[in-house]
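> what follows is a predicted structure for the sequence shown.
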Amino acid sequence: MTTRLELADDVPLVSGDRVAGPVRTPRRSERYPSLVRVDTINGTPADEVTAGTRYEDMPCALPAERLALGGDDPTVHAIEWLTPFGKGSRVAVTGPARAGKTQALRRIGAALAAQAGDGEGGLQVSLVLAGVRPEEIADWEDGGPAPAAATALGASPDSQAQAFERVVEQARRVAARGRDAVVLVDGLDGLTAPAARKVLASARNLVDAGSLTIVATATEPVGGETTVIALNRELTSTARFPAVDLVASGLNPKFKLKIKNSKDDDDLTDGVLHVTAQVASCDAEAEAEHPACYLARQDWGVPVRLTVDGPAEVRLMLNG
């Protein structure tokens, strides 16, 4: 499809924008249908969109609003409470081969896709697959966001970088227009180190605009992450979930994301989860409502100690 030059002059479009409007069939001298009128840009009415400031020049702040995941999956439930991430986060899901990185990303993607939508307040969730087999694309399309770009197994680092740049650029424009975008990347290992860091560096929480969150798989952290979700291959291989490595996972010390649920104010600081909860003991009934009770009952593969202080505070921490 083509966009007439006069339309591009009338409407402030930039590379990566998604436009919608009526089209007409190609004329005799034309090869493609033409867009007659631009009605929406990235889901927003065209008359509400202005050119604005370049994405790179827009002021940004630390992520302050948590992205809720929900669901019953134990690994995703643990990620939401132990390694939370917010709008504008740079997240790496790490671990050796067969640790379950792709499966964890798929479950995160499915949870976020449930919040997706073109209207105000809806997330735009995009997926980039790098060096994948054809059957893996089909797996993603079943119950998760469909890939916006995918490179075949054995693709060069340059080809993979170009696929990432196209999708990330479009998400940057969505954020600059005032909406929230999430790009899922599986994975960064096929890129050079500078290219991988460039992908993560695009994530930010824009002041008086939207946000771009990057969630990517990698064998090791590439640097610059706000959140690292490390998975334990031994736990995964023996089907002991959640398979989160508590020692290797965590938030950047400068990252002060305040996480909230409907009743409690929770802080994750220095690798210790502090949960304020009106609960006298962690029984099965309390487990369903208070995250620390749920997390304390899981098999982490490392010593975990749970303390209940009076009826007020529940604390989950590593022994020692």
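Looks like it came in fine. Nothing here was measured: the structure is a model prediction, and the numbers come from that model. Numbers count the residues shown, from 1 in each chain.
> for stretch 28-40, list every residue counted as buried.
34-35, 38, 40 (16 or more other Cβ atoms under 10 Å). (Each C-beta comes from the backbone N, C-alpha and C, glycine too.)
> for this protein, what's the longest helix?
The longest helix of the chain (DSSP state H) is helix 157-176.
> what packs against that helix?
Packing partners of helix 157-176 (3 or more Cβ pairs under 8 Å, 6 or more residues apart in numbering; DSSP states H and E): strand 124-132, strand 149-152, strand 180-186, helix 193-201, strand 204-206, strand 211-218.
> and residue 225, how far from residue 85?
To residue 85, residue 225 is 10 Å away according to Cβ to Cβ, to the nearest Å.
> and residue 190, by the same measure?
Noted for residue 190: a distance of 23 Å to residue 85, by Cβ to Cβ.
> next: residue 63.
7 Å.
> between the two, who's got more neighbours?
For residue 63 and residue 85, the more surrounded residue by other Cβ atoms under 10 Å is residue 85, and the numbers stand at 29 against 26.
> wait, the more buried one touches residue 91, no?
Yes. At 4.8 Å, residue 85 and residue 91 qualify as touching, with contact defined as Cβ atoms under 8 Å.
> what touches both of the two?
213, 215, 226-227 (Cβ atoms under 8 Å, 6 or more residues apart in numbering).
> and which of those is nearest to residue 149?
residue 215 (15.6 Å; Cβ to Cβ).
> beta partners for the closest residue to the closest one other than its chain neighbours?
Using Cβ to Cβ, 6 or more residues apart in numbering and skipping residues adjacent in sequence, the residue nearest residue 215 is residue 91, 4.4 Å away. For residue 91, the beta-bridge partners under DSSP bridges are residue 215, residue 227.
> check whether residue 91 really touches residue 222, as I assumed.
No. Residue 91 lies out of contact with residue 222 (Cβ under 8 Å); the separation is 11.4 Å.
> any regions of the stretch 51-200 of the chain where pLDDT drops low?
51-53, 117-121, 143-144 (pLDDT under 70).
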